[in-house]
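1. I would like to see how this sequence folds:
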Amino acid sequence: MVLAFFHLSGFANRLRLRRIAMCVLHVGIGMSTCEGQVETELDCKEPPLAFRTDIRSPDAWEMAWEARWPDVSSALEAWRNDQFQLLVKMWKQAAPSLQGLKREALDAGMPESAAYLIWWSTLKNPFDTESGMREAKVLDHALLSLQAEDAMAWGHAQSQSSLSLAEWAGAMRTGLRLFENFDLPEVHVVREGETVYSIARTWNVSPHCLSAKNDVWDDIQPGMTLLIPHPLD
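-> Below is the predicted model of the structure:
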């Protein structure tokens, strides 16, 4: 209990130091004063995830997967934990490569869901990107001759997951649909020379909220992905 208290105290101190640094930065760049700059957590509070208005209908592969593996209740419950924060974390990892994969899949005459399958096949654990991820995120032409069920089995084999095929298929299929259904935040890939402040200015958001959402300050590096916050008005 004591250790937990000190751990939380240390975390609070780090957050306080970041806020002070933000205050100093604002003064340095000519922004009025530090008045009100020691912000509370509520300053960056965001609304819960909302459904998109342009939801894509399930494609042929998705319909076949649903028929083959209809029970996905446990996978859906896993995504629901912590208000879908795990899903947002996965989105942060997947978003930079998904658009390119979708174009490759559609150009090859494959369903759009193939792009998600390719990305998910890089993960050893579909619920944890930090458990191990293969580097390759390109269209594997072995998929071109496969049907939906065989393609799912291919993705499972590629992932080297310890989950059974049915468990992995449920996780991948529900994650895919939630990616499609929810209005997930934009993702920014850091470029050379960019800072938290310059990125915040590009997206017209608070540097404090951008920093807090991604747990970064002056330690960003090119290639990192950052979620763009959308605080409540």
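2. quick check: longest helix in the protein by residues?
-> If each helix of the chain is counted by residues according to DSSP state H, the longest one is helix 73-107.
3. give the next helix or strand downstream of that one.
-> Using DSSP states H and E, the next helix or strand after helix 73-107 towards the C-terminus is helix 113-120.
4. what lies in contact with the helix or strand following that following helix?
-> Heading C-terminal from helix 113-120, the first helix or strand you meet, by DSSP H and E, is helix 148-159. In this structure, residues lying in contact with helix 148-159 by CB atoms under 8 Å, 6 or more residues apart in numbering are 60-61, 64-65, 68-69, 114, 117-118, 120-124, 126, 134, 140, 142-143, 146, 163, 165, 168-169, 172. Placement of C-beta: from N, CA and C, glycine included.
5. tell me the buried residues within those residues.
-> 61, 64-65, 69, 114, 117-118, 120-123, 126, 143, 146, 163, 165, 168-169, 172 (16 or more other CB atoms under 10 Å).
6. ok, Leu49 to Trp79 distance?
-> Here the distance between Leu49 and Trp79 works out to 11 Å (CB to CB, to the nearest Å).
7. no no, Ala60
-> Taken as CB to CB, the spacing of Ala60 relative to Trp79 amounts to 24 Å.
8. can you list the weak-confidence ranges in the protein?
-> For the chain, the stretches with pLDDT under 70 are 1-42, 131-136.
9. again, only using 90
-> Judged by pLDDT under 90, the chain has its weakly predicted residues at 1-43, 78, 81-83, 85-86, 93, 122-141, 162, 217-219, 231-233.
10. so Leu117 sits against Arg173, correct?
-> No. With contact defined as CB atoms under 8 Å, Leu117 does not reach Arg173; the gap is 9.4 Å.
11. and for Arg80, the neighbour number?
-> A count of nearby residues for Arg80, using other CB atoms under 10 Å, gives 13.
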